[in-house]
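Student: Sequence first, predicted coordinates after that:
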Amino acid sequence: MKGLDLERLQAYLDSPPLTGTMFAGGRSNLTYAVTDGTHRWVLRRPPLGHVLPTAHDMAREHKVLAALSAAGFPVPRPVRLCTDIEVIGTPFYLMEHVDGTIFRDAAMIEKVDFRALTLTLVDTLADLHALDPAAIGLGDFGRPEGFNARQVRRWKQQLDASRSRELSGIEELHARLAIDIPAGGSGTVVHGDFRLDNVLISDDLRVNAVLDWEMSTLGDPLSDLALMLVYAGRPLLEHDGRPIAPIDIPGHPSLDEMVTRYAARSGRDVRDLHWYVAFAAFKLAVILEGVHYRYTKGQTVGSGFDTVGAMVPALVEQGHRALEGH
């Protein structure tokens with residue numbers, strides 16, 4: 001299997017013969033379901049080829065999962081971290097397999113109360129931001145002071161590291177973001193990529209587990225909220241074989257309702273949210289440009305990567321519009 005040598009993993013675990021499949025939908029770290037016939041695990045490893053600095057850190061993912069699961073927040077429980085690259089060629093970790101549904105298809109969503117599901121996600125994000133990092137063992141997981149300014153610099157560096165073509169307006173968007181950066185409040189654990197298809201949902205629409213913690217750190221919680229809003233308007237789902245944005249599906253609450261719900265549950269001031277939305281659009285544009293870069297180099301695994309690059313210009317435009325109050 002591309003990206004995972006099951007025989008070497010079996011020898012490392014001293015287990016019965018293993019079988020595995022790769023989960024679809026991932027655009028960065030690679031994720032596999034693995035079983036020995038009795039036990040089920042999920043394995044996470046970095047992507048093939050091009051790896052940006054500070055990205056795809058398996059030890060960080062393992063640490064945040066361990067802390068959050070111990071605190072009772074819905075995440076998979078980590079089982080084992082391996083930093084020895086001799087095992088499968090890269091660091092990886094195993095976590096427990098959690099049952100649940102990832103909603104990627106509009107036909108699935110139309111069968112449930114989508115408004116209730118979306119507001120549950122908003123509540124879950126607010127609950128994450130309510131956790132005291134020091135109290136759960138994550139006091140050293142990041143530097144909240146100056147978080148927004150560092151993020152503006154960091155994602156510009158990530159863009160430069162993945163640049164393979166000209167992108168109209170993206171340099172100007174970065175410059176506009178850097179002019180008036182919100183100081184932000186006290187830091188919380190932030191997920192960094194919180195969206196509908198990064199969450200496992202139970203049959204009764206509870207959150208069984210929040211997935212994909214590769215960009216988590218201590219930082220400004222409004223960055224998570226803004227990215228969630230940007231994702232709501234992006235084509236994450238499939239409808240009759242065509243991409244569709246979650247907000248275009250009947251039942252999805254308005255963005256204003258999501259913001260109001262978050263503000264009420266968290267008690268946070270959301271008046272500067274337009275800047276955060278603009279930055280979220282810039283960040284997502286850079287992430288997708290990195291995926292596009294790996295696709296052009298033949299370093300992606302799976303399908304759907306050929307359309308990623310076309311999403312970037314619209315995000316750049318959205319960032320500019322957000323700064324103008326739209």
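Tutor: Sure thing, it's come through. The structure presented is a predicted model; accordingly, all values stated were derived computationally and were not measured. Residues are numbered from 1 along each chain as shown.

Student: Now Q318: closest residue in space, sequence neighbours ignored.
Tutor: Distance criterion Cβ to Cβ, 6 or more residues apart in numbering; nearest residue to Q318, sequence neighbours excluded, is A281 at 4.4 Å. Where you see a C-beta, it was placed from the backbone N, CA and C, and this is true even at glycine.

Student: quick one: the one you found and Y231 touch, right?
Tutor: No. The pair A281 and Y231 fails to qualify as a contact (Cβ atoms under 8 Å) at a distance of 10.3 Å.

Student: Name the residue in the two with the higher neighbour count.
Tutor: A side-by-side neighbour count of A281 and Y231, using other Cβ atoms under 10 Å, places A281 first with 28 against 21.

Student: Can you get me a residue count around the closest residue to D306 other than its chain neighbours?
Tutor: In space, and not counting its chain neighbours, D306 is closest to Y295: 6.8 Å by Cβ to Cβ, 6+ apart. Here the number of neighbours of Y295 (other Cβ under 10 Å) works out to 18.

Student: Could you do T21 as well?
Tutor: Using other Cβ under 10 Å: T21 sits among 11 other residues.

Student: same question, Q158
Tutor: Q158 is surrounded by 19 other residues when neighbours are defined as other Cβ under 10 Å.

Student: Also the one 4 residues further on?
Tutor: Around S162 sit 18 other residues, with neighbours defined as other Cβ under 10 Å.

Student: can you give me phi and psi for it?
Tutor: According to degrees, to the nearest 10, the main-chain angles of S162 amount to phi -110, psi 10.

Student: Run through the residues that contact L30.
Tutor: Applying Cβ atoms under 8 Å, 6 or more residues apart in numbering to L30 gives the contacts G3, L4, M22, R44, R45, P46, P47, L48, V301.

Student: which residues touch the helix or strand hosting the fourth one?
Tutor: This means R44. Here R44 is covered by strand 40-45, with elements defined by DSSP states H and E. Among residues not part of strand 40-45, those counted as contacts by Cβ under 8 Å, 6+ apart are 3-4, 9, 20, 23, 29-35, 58, 61, 76, 79, 88, 90-98.

Student: what is the orientation angle of the following helix or strand past it with strand 40-45?
Tutor: Downstream of strand 40-45, the first helix or strand assigned by DSSP H and E is helix 58-70. Regarding helix 58-70 and strand 40-45, their directions subtend 140 degrees when assessed with axes from the mean of the first three to the mean of the last three Cα atoms, to 10 degrees.

Student: how about helix 58-70: buried residues?
Tutor: For helix 58-70, a neighbour-count test (16 or more other Cβ atoms under 10 Å) marks M58, R60, E61, H62, K63, V64, L65, A66, A67, L68, S69 as buried.

Student: do stretch 258-267 as well
Tutor: Along stretch 258-267, the positions that meet the burial threshold by neighbour count (16+ other Cβ under 10 Å) are M258, V259, R261, Y262, A263, R265, S266.

Student: cool, stretch 92-100 as well?
Tutor: Neighbour-count burial for stretch 92-100 flags F92, Y93, L94, M95, E96, V98 (criterion: 16+ other Cβ under 10 Å).

Student: likewise stretch 123-137?
Tutor: Of the residues in stretch 123-137, those with enough neighbours to count as buried (16+ other Cβ under 10 Å) are T124, L125, A126, L128, H129, L131, P133, I136.

Student: how long is it end to end?
Tutor: The distance separating the two terminal residues of stretch 123-137, taken as Cα to Cα, to the nearest Å, comes to 23 Å.

Student: Distance from that stretch to the middle of the chain?
Tutor: A distance of 17 Å separates the C-alpha centroid of stretch 123-137 from that of its chain, computed with Cα atoms, centre = their mean, to the nearest Å.

Student: hmm, who's touching it?
Tutor: Stretch 123-137 is touched from outside by 66-68, 70-71, 73-74, 139, 141, 187-191, 194, 199, 207, 210, 218, 221, 224-225, 228, 261-262, 265-266, 268, with contacts defined as Cβ under 8 Å, 6+ apart.

Student: Narrow the residues you listed to those that are buried.
Tutor: By the neighbour-count criterion of 16+ other Cβ under 10 Å, those include these buried positions: 66-68, 71, 73-74, 141, 187-191, 194, 199, 207, 210, 218, 221, 224-225, 228, 261-262, 265-266, 268.

Student: Among these, which ones are in strands?
Tutor: Among those, the residues falling in strands (DSSP state E) are T188, V189, V190, V199, V207, V210, L218.

Student: Check for me that R80 belongs to a strand.
Tutor: Yes. Secondary structure assignment (DSSP: H, G, I helix; E, B strand; the rest coil) places R80 inside a strand.
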